[in-house]
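**Q** okay, sequence plus prediction incoming.
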Amino acid sequence: MHHTSTARNELDHERGYVAGLYQRLDELRDEKRGQLAEVRRSLSAGSHQNRSERDAFATMYEDRLAQLNAVDDRLVFGRLDLDDGDERYIGRIGLSTEDLQQLMVDWRAPEAGTFYQATAFERMGVRRRRHLILSRRNVLAIEDDVLDAALLTEDESLQGEGALLAALNSKRTGQMSDIVGTIQAEQDRVIRAPLQGVVVVQGGPGTGKTAVALHRAAYLLYTHRERLKSAGVLLVGPTNAFMKYIERVLPSLGETGVVMASIGSLMPGITAIQEPTEEAAEIKGRLDMVEVLKRALANRQRVPDQDKRLNVEGTILTLSPRQVRKARDRARSTGKPHNEARVTFVKILLRELTEQLTEQLEESSGAGNTADRSYLAEDVRSSRDVRIALNLAWMPLTPEKFIAELLTKPGILAAAAPGFSDAEVGHLTRPAGALWTEADVALLDEAAELLGDLDPSAGRDTAARDQERRRDLANAERTLENVNESLADSGVDGVLTAEDLADHNSVTEARLNAAERASVDRTWAFGHIVVDEAQELSPMQWRVLMRRCPLKSFTIVGDIAQTSSAAGSNSWQQALEPFVGERWQLEELTVNYRTPAQIAEAAARMANAAGLVVSAPKAVREGRWAPIVDRVPELIPALLQALPEELSAVEGGLLAVIAPERLLAEVRSALTGVYGRRIGFGAGSMGQDIVVTSPREAKGLEFDGVVVLEPAEMLDPRSIRVGDLYVSMTRPTQRLRLIATGEIPAGIED
Ligand SMILES: Nc1ncnc2c1ncn2[C@@H]1O[C@H](COP(=O)(O)OP(=O)(O)OP(=O)(O)O)[C@@H](O)[C@H]1O
């Protein structure tokens, strides 16, 4: 490429400056290493009292060091030249000299906002925006947007959207990367939206929703660190494979404080598989399940139909249905969850049985001697008959036991769900010992709420608890600063007190950070939740998330048109209404950065022809190829024949073969026969260069080239959902091929 001499001078200048930034980064790193070594030395020698304080310092230095290491690659990516003559460098973190001269501004800082927002129409005091394109530590090129017309004539050769296009055209690695250097204005508005309330970000395929969700999490933690540090931010995605795909983005942004979890992993200790059938997923996701669980639990609080005779150390006592009913009603009226109300139930009946025993003994021995009533109470409590009778009436339950019973015994389910058809009960019934599914997690979580603590009396020692609670209260107070006020304004639910929040977060260990504490504590209350691919969530799953954030501070990201789960939603309105009413704000993303125009248009035409209204975003670039369509007599031979051409078209990039579930096994074995270890299965195997996957697993991911097999099968004839085919067609960044033995869905070929 031809460079003018000014351009070369500019490049040299930037190389010099960037070298200075790295030098400073290295210095800071050495400094932190030194401090860490120092603290560790003193830790091994120090007195017990200072220990926890020094531990805290050690953790802080470790975190800072990890952050400094993580931002090494492409540390800086921009420079602003301002009207007042200042130059401001924008990078992954803020850097200053030892005497506090600012060298580089963190991209999340308010002063960096104009880097993403300024345009030629609204310059916001910016004369020139410069993108620095780095590979590791080297400045490869610079690209300028000249916003001030006066500068244009001075140096015309330095304009361009090169940084964005270079990023978009680069080969995919199977792991998402950050977009911090090239965030576009409409994306930046979402990323920097206020913390409070519910923001829904609707956008078609490839509009950067996932990227925006991740950068927003990083932005919020930076900007509201004091408020969010203690409670933490949760980022929820659809599957573990998806979480793996995005796991490197936040560390590369210098952010480690976000808890990342798939929706199936929100119950500590449970690893969930995908729900095997759509029917079961849909039923388990319905809001009526709340009532079903409540009824099932009420049915577990049983009154016997006749008197029970109980042997206590040779004396026979009688437990009548009336007594059990009265105790049950009293226990229920405490309003406590099942296991906690059980304490009341048991206490009442033990007392009554003890009285009965006392009376009987007094009668038989004649004289009244009440001195040893306490022994009698103990006799009653430890009687096997009594224990069995009380347990039969009111069994302590774990969520796992309760839900497993409901799903394996159709009689129990039918009794709790009188509105369900036999077919619906059949869809939910499964063999004992079956693995937990993603849809079960929402049921387990609901059950945990209804059941409460299994052994409420077995608390930890009170002093430790009190101390923790004081600390949690202090944290919660900080979290709540200002939040309540704006909540009250927006009318979201009841206003919370610091006590409420501390109560939520009180049972966890002192030394763990928010992320670690949250991952072991189901009742952890997060300060903010970011949900990606949110259209897939069922109403029951929404309930789980709403419980995890009592402040109702959410960023919800998704595309209603891509819904493929039968339990997912058809509109944001419908999905959110039960939880926040009308109190949410919609933002839209309108530009597709992934898929070339020809392919994006074919996907939108197909969706429209199938009756789905899609928000078809404008594609930011033309591709080299229109979609290729093969009608063939036999699928597998045609696939094997097409693959070499596809592989060479993407020149060593990543290729996906997306097939309906029923074909996956056959396709895998045919391809493995030819390509051996180059074939990866499913979305978790993105290390390989050819990935065979279902549409569902491909959701949210992207590939350089995509081959879709039997597209007509991915159109669900039973519903208006065309999600699977629409998702599959919008995965490629370069090239799309469809191979079909049958019909080609309307609209794909124009
Ligand atoms: N401003 C940007 N600069 C560079 N790349 C971008 C930008 N915005 C989006 N991209 C890239 O576009 C691709 C699509 O982004 P992303 O996966 O976030 O889209 P999405 O809206 O979540 O898509 P889908 O709904 O189809 O899953 C990614 O490779 C992302 O890095």
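**A** Received, thanks.

**Q** show me the shaky parts of the stretch 301-450 of the chain.
**A** Counting by pLDDT under 70, the ranges of the stretch 301-450 of the chain that qualify are 366-372.

**Q** residue of it with the smallest distance to the ligand?
**A** Closest residue of the stretch 301-450 of the chain to the ligand, C-beta to the nearest ligand atom: Glu438 (18.5 Å). Every C-beta, even on glycine, is put in place using the N, C-alpha and C of the backbone.

**Q** any idea how far that residue lies from Arg624?
**A** 39 Å (C-beta to C-beta, to the nearest Å).

**Q** so between the two, which is more surrounded?
**A** Glu438 (25 against 9; other C-beta atoms under 10 Å).

**Q** for stretch 541-553, what is the distance to the chain centroid?
**A** On the basis of C-alpha atoms, centre = their mean, to the nearest Å, stretch 541-553 is displaced by 12 Å from the centre of the chain it belongs to.

**Q** make 737 the first number, not 1, from now on.
**A** Got it, first residue is 737 now, which makes that one stretch 1277-1289.

**Q** average pLDDT across that stretch?
**A** Averaging pLDDT along stretch 1277-1289 gives 94.

**Q** which residues touch that stretch?
**A** Stretch 1277-1289 has contacts (C-beta atoms under 8 Å, 6 or more residues apart in numbering) with 931-934, 970, 972, 999, 1002, 1021, 1023, 1026, 1175, 1177-1178, 1181-1182, 1185, 1219, 1223, 1228-1229, 1232, 1236-1237, 1240, 1260-1265, 1267, 1273, 1290, 1303, 1311-1312, 1314-1316.

**Q** buried among the residues you listed? Make that a PyMOL selection.
**A** Burial among those is assessed by 16 or more other C-beta atoms under 10 Å; the matching PyMOL selection reads:
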select buried, resi 931+932+933+934+970+972+999+1002+1021+1026+1175+1177+1178+1181+1182+1185+1219+1223+1228+1232+1237+1240+1260+1261+1262+1263+1264+1265+1267+1273+1290+1303+1311+1312+1315+1316
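
**Q** now, the contacts of stretch 1277-1289 that are in strands?
**A** When DSSP state E is applied, the contacts of stretch 1277-1289 are split such that Val934, Leu970, Val972, His1264, Ile1265, Val1267, Phe1290 fall in strands.

**Q** out of these, which is nearest to the ligand?
**A** The ligand has its nearest neighbour among those in Val1267, at 12.3 Å by C-beta to the nearest ligand atom.

**Q** excluding covalently adjacent residues, which one is nearest to the residue in the stretch 987-1136 of the chain that the ligand sits nearest to?
**A** Nearest to the ligand, among the residues of the stretch 987-1136 of the chain, is Ser988, at 12.1 Å (C-beta to the nearest ligand atom). Of all residues not flanking Ser988 in the chain, Asp914 sits nearest, at 5.1 Å (C-beta to C-beta, 6 or more residues apart in numbering).

**Q** check Ser1274 too.
**A** Take Ser1274 and drop its neighbours on the chain: the residue closest to it by C-beta to C-beta, 6+ apart is Gly1021, 2.4 Å away.

**Q** check contacts around the one you found.
**A** Taking C-beta under 8 Å, 6+ apart as the criterion, Gly1021 is in contact with Ala1175, Ala1178, Ser1274, Pro1275, Met1276, Gln1277, Ala1303.

**Q** any idea how far it lies from Glu1174?
**A** Taken as C-beta to C-beta, the span from Gly1021 to Glu1174 is 10 Å.

**Q** got it, and Arg810?
**A** Separation of Arg810 from Glu1174 (C-beta to C-beta): 36 Å.

**Q** which parts of the chain sit against the ligand?
**A** Within the chain, the positions lying close to the ligand (C-beta under 6 Å from any ligand atom) are 900, 903-904, 915, 918-920, 923, 939, 941-947, 1295, 1298, 1329-1330, 1436, 1438, 1466.

**Q** apply 5 Å and report the result again.
**A** Proximity of the chain to the ligand (C-beta under 5 Å from any ligand atom) is limited to residues 903, 915, 918, 920, 941-947, 1295, 1329-1330, 1436.

**Q** mean confidence for stretch 1394-1414?
**A** pLDDT averaged over stretch 1394-1414 gives 92.

**Q** off-centre distance for it?
**A** Distance of stretch 1394-1414 from the chain centroid (C-alpha atoms, centre = their mean) equals 30 Å.

**Q** what comes up buried for that stretch?
**A** Quick answer for stretch 1394-1414 (16+ other C-beta under 10 Å): Ile1394, Ala1395, Pro1396, Leu1399, Leu1400, Val1403, Arg1404, Ala1406, Leu1407.

**Q** show me what that stretch is in contact with.
**A** Residues outside stretch 1394-1414 that contact it (C-beta under 8 Å, 6+ apart): 1371-1372, 1375-1376, 1379, 1393, 1415, 1417, 1424-1426, 1428-1431, 1434, 1442-1446, 1449-1450, 1460, 1464, 1467.

**Q** make a ChimeraX selection of the buried ones in these.
**A** Per 16+ other C-beta under 10 Å, the buried members of the contacts of stretch 1394-1414 correspond to this ChimeraX selection:
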select :1371,1372,1375,1379,1393,1415,1417,1424,1425,1426,1428,1429,1430,1431,1434,1442,1443,1444,1445,1446,1449,1450,1460,1464,1467
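
**Q** among the contacts of stretch 1394-1414, which are in strands?
**A** Val1393, Ile1415, Phe1417, Ile1426, Val1428, Thr1429, Val1442, Val1443, Val1444, Leu1445.

**Q** check the residues you listed against the ligand and report the nearest one.
**A** Closest to the ligand, out of all of these and judged by C-beta to the nearest ligand atom, is Val1442, at 12.0 Å.

**Q** does that closest one touch Arg1473 like I think?
**A** Yes: checked against C-beta atoms under 8 Å, the pair Val1442 and Arg1473 is within contact range at 7.4 Å.
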